[in-house]
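Enquirer: heads up, no residue letters with this:
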């Protein structure tokens, strides 16, 4: 799992690559927590996430809640098929800020 972030004028763009699973969730949550105070908008790019499970879902829901408590938006600008499959299976795509049509 790798995380790359850039913040410009409060817009924090975070790109996550590799696994976002139970094996990496704690580490990535810690890395993301350090970014939240300066983020006026949190924009996640998840197109390079190769594996995604319920621990990854929990991280996204936690992020959404943390940003909402700060009165700030979070969105997912891109997502891999692994991420989309799980979010659609659980009916959570809209809840975490990624509203796309369900796969056919």
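Expert: Arrived safely. Values in this document were obtained by computation on a predicted structure and should not be read as measured data.

Enquirer: quick one: contacts for the residue lying closest to residue 17 once chain neighbours are set aside?
Expert: If the residues on either side of it in the chain are set aside, residue 17 comes closest to residue 48, at 3.7 Å by C-beta to C-beta, 6 or more residues apart in numbering. Placement of C-beta: from N, CA and C, glycine included. Shown in contact with residue 48 (C-beta atoms under 8 Å, 6 or more residues apart in numbering): 15-18, 80.

Enquirer: part of a strand, is residue 48?
Expert: Yes - note on residue 48: a strand contains this position according to DSSP: H, G, I helix; E, B strand; the rest coil.

Enquirer: mind checking pLDDT for it?
Expert: Predicted confidence (pLDDT) for residue 48: 98.

Enquirer: How far does stretch 69-88 sit from its chain's centre?
Expert: Relative to the centre of its chain, stretch 69-88 is centred 5 Å away, using C-alpha atoms, centre = their mean, to the nearest Å.

Enquirer: May I see the buried residues of it?
Expert: Buried residues in stretch 69-88, counting neighbours by 16 or more other C-beta atoms under 10 Å, are found at 74, 76, 79-80, 82-84, 86-87.

Enquirer: which other residues reach that stretch?
Expert: Residues outside stretch 69-88 that contact it (C-beta under 8 Å, 6+ apart): 13, 20, 36, 39-54, 56-57, 60, 63-64, 67-68, 93, 96-98, 100, 102-103.

Enquirer: Now the buried members of the residues you listed.
Expert: When burial is judged by neighbour count using 16+ other C-beta under 10 Å, the buried members of the contacts of stretch 69-88 are 13, 20, 36, 39, 42-46, 49, 51-52, 56-57, 60, 63-64, 67, 93, 96-98.
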